[in-house]
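Student: What shape does this take:
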Amino acid sequence: MALFVSMPIMPLAEEATPPGRPFDSVPTETMAAQQTEVVLGWGEGKANSDLIAALEVVGFNLAMNQYDRHFLDSEVYHSDFSSFKNNLERGWAYDNDPFAINQFLHPYGGTIYFGAARSTGHGFWSSMGYTTAGSLMWEMAGETSQPSINDLLTTSVGGSILGESLFRMASLLLESGDTPAGVWRELGAAALSPATGFNRVGFGDRFSGIFSSRHPAIYIRAQLGVNINADMHSNINLNPDADAEPIPQSYQEGEVLADVAMSYGLPGKPGYRYRRPFDYFHFQFSAVNSNVFENIHSRGLLYGRGYAMGAAHRGVWGVYGSYDYIAPQFFRVSSTSVGLGSTNQWWLSRYVALQGTAYVGIGYGVAGTLRGAGDYDYHDGVTPQGLLTSRLVFADRAALDVELSHHYVSELGAGEPDGTEHIGRARIDLTIRLHQRHSITLRYSSSSRDAHYPTQPATRQNVRAISLAYTYLGSSGFGAVEW
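Tutor: Here you go, the predicted model:
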């Protein structure tokens, strides 16, 4: 794998005009198309409301409490002033809800709080404040159980990182096209960011304005495929008789997979600036018939700068925020983190470009175990992590993608101490364009888990799979940015 990451040697001045594409004498875009729209602020004047955002956060919590009380568990969700007072007095704890509830449903609930604020005119950071307040309200007053510190973290921070990607994609969909958004684009935006759709319908012209993307360079693709070969290796004995031969584990072959990925704000586009959180972000969602939500990734630039090295290299670097949810068939890991990273592109020749991202962060994460420690079916703790990706683009004909990631769930800050988890992931995609936007992708993926607990034997698992998929490319093809 080739990955090129560099620190800024020649920073681009805020109003500087980037040089032309290194291998073309005439830029491919006109000056008018290169200019970004000047937007003084999002949701100015009456299109900004603290009161409506606060009422929607409170209303969502009340509606969720009533639903859970009548349809899920009347005891746990029968909260009142007495349970609120008890929660204030007894302090915070780590809860042991199932992995998917804590690591996906709580962050997704956070996107509703976040979207309520974002779609009523608030910026990223103030919307995160509303998300934190909504989560705090729920932990103290939405349940009778002791408030959970891990739920507060995943809902507020994870929900904001995931919510901004969804809000940006919804806004981009509304902004696209030469005519005002019709019914289908409005429905698509509401599916991505429900609070955005609710406020656009419920308040008419007040929140009908569309958040400006400022015309980023975008790569988007959608895949539908099937596993054609897979295998699983593990030293875990699933036989209840400890003296018996281990029961072999197998990975389901022939499962159907769907995958959508989007990179927003790729570096190099003339005139584009990284002034707001998530002016660059990457989002990916994968689903399989055996496990539904298999992967969800949201990673965005919180604060950073663009840079250049010579005529052929452009990039952006700075502080990134990341939310990961990874759940293959036999083990899983999820984390919310903040760290340093860089995303860049290098034109190797007139028709060959190399894109890459490097990220090193630290946050709080959990990793699933087949034999949970204590009351848990996972281990949680402070989680250092790293990511390397590269995409080698061969004009408009093919692309080779490589991604490597590692999560280390430590004992530090653990609800159940004395255990560690190493989760590694690798993926290689070869995509070949067949006709226009229609392509085919051959993928190799590998996931490994190495877990150590003092009361259990060391656990080693590895899942490898080969899949074949139809890939539909967005209008930018393989995403190489010209300048």
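Student: Quick check: which ranges of the stretch 351-483 of the chain have low pLDDT?
Tutor: Within the stretch 351-483 of the chain, the segments meeting pLDDT under 70 span 369-377, 416-417.
Student: can you pull the contacts of the spatially closest residue to residue 209 that is not a sequence neighbour?
Tutor: Excluding the flanking residues, the one nearest residue 209 by C-beta to C-beta, 6 or more residues apart in numbering is residue 47, at 5.4 Å. For glycine as for every other residue, the C-beta is placed from the backbone atoms N, C-alpha and C. Counting by C-beta atoms under 8 Å, 6 or more residues apart in numbering, residue 47 makes contact with 120, 121, 206, 207, 209.
Student: give me that answer again for 10 Å
Tutor: Residues near residue 47 by C-beta atoms under 10 Å, 6 or more residues apart in numbering: 41, 120, 121, 203, 205, 206, 207, 208, 209.
Student: Now render these as a markdown table, adding distance to residue 63 and secondary structure.
Tutor: A markdown table is the format used below for the contacts of residue 47 (distance: C-beta to C-beta, whole Å; DSSP: H, G, I helix; E, B strand; the rest coil):
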| residue | distance to residue 63 | secondary structure |
| --- | --- | --- |
| 41 | 31 | coil |
| 120 | 18 | coil |
| 121 | 23 | coil |
| 203 | 18 | coil |
| 205 | 26 | helix |
| 206 | 22 | helix |
| 207 | 20 | helix |
| 208 | 24 | coil |
| 209 | 26 | coil |
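Student: As a check, name the ranges of all strands in the stretch 51-200 of the chain.
Tutor: In the stretch 51-200 of the chain, no strands are defined using DSSP state E, counting those that start in this stretch.
Student: Next: the stretch 301-450 of the chain.
Tutor: Using DSSP E, counting those that start in this stretch, strands in the stretch 301-450 of the chain cover 313-326, 333-347, 352-368, 378-394, 398-409, 420-435, 438-453.
Student: what helices or strands is the fourth one leaning on?
Tutor: Strand 378-394 sits against strand 292-309, strand 313-326, strand 333-347, strand 352-368, strand 398-409, strand 420-435, strand 438-453, with contacts defined as 3 or more C-beta pairs under 10 Å, 6 or more residues apart in numbering; DSSP states H and E.
Student: tell me the mean pLDDT for the first one?
Tutor: Okay, so that is strand 292-309. In this model, strand 292-309 has an average pLDDT of 94.
Student: List the buried residues in it.
Tutor: Neighbour counts over strand 292-309 (16 or more other C-beta atoms under 10 Å) mark 293-302, 304, 306-309 as buried.
Student: Next: the fifth one.
Tutor: Using 16+ other C-beta under 10 Å as the burial criterion, the residues of strand 398-409 that qualify are 399, 400, 401, 402, 403, 404, 405, 406, 407, 408, 409.
Student: Identify the residue nearest residue 233 in space, chain neighbours excluded?
Tutor: In space, and not counting its chain neighbours, residue 233 is closest to residue 462: 4.7 Å by C-beta to C-beta, 6+ apart.
Student: Pick the one among the contacts of residue 47 closest to residue 319.
Tutor: When the contacts of residue 47 are ranked by distance to residue 319 (C-beta to C-beta), residue 41 comes first, at 22.3 Å.
Student: Tell me, how many residues neighbour the closest one?
Tutor: Neighbourhood size, residue 41 [other C-beta atoms under 10 Å]: 10.
Student: returning to that earlier point: format the helices and strands packed on strand 378-394 as JSON lines; extra columns: distance to residue 111.
Tutor: Shown next, in JSON lines, are these (distance: least, C-beta to C-beta, whole Å):
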{"stretch": "strand 292-309", "distance to residue 111": "10"}
{"stretch": "strand 313-326", "distance to residue 111": "10"}
{"stretch": "strand 333-347", "distance to residue 111": "13"}
{"stretch": "strand 352-368", "distance to residue 111": "18"}
{"stretch": "strand 398-409", "distance to residue 111": "22"}
{"stretch": "strand 420-435", "distance to residue 111": "24"}
{"stretch": "strand 438-453", "distance to residue 111": "26"}
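Student: For the nearest residue in space to residue 138 that is not next to it in sequence, give me the pLDDT.
Tutor: In space, and not counting its chain neighbours, residue 138 is closest to residue 61: 5.3 Å by C-beta to C-beta, 6+ apart. Residue 61 is assigned 97 on the pLDDT scale.
Student: what's the distance between residue 61 and residue 254?
Tutor: Using C-beta to C-beta, to the nearest Å, we find residue 61 at a distance of 43 Å from residue 254.
Student: Would you indicate which residues of stretch 71-90 are buried?
Tutor: Going by neighbour count (16+ other C-beta under 10 Å), the buried part of stretch 71-90 is 77, 79, 83, 87.
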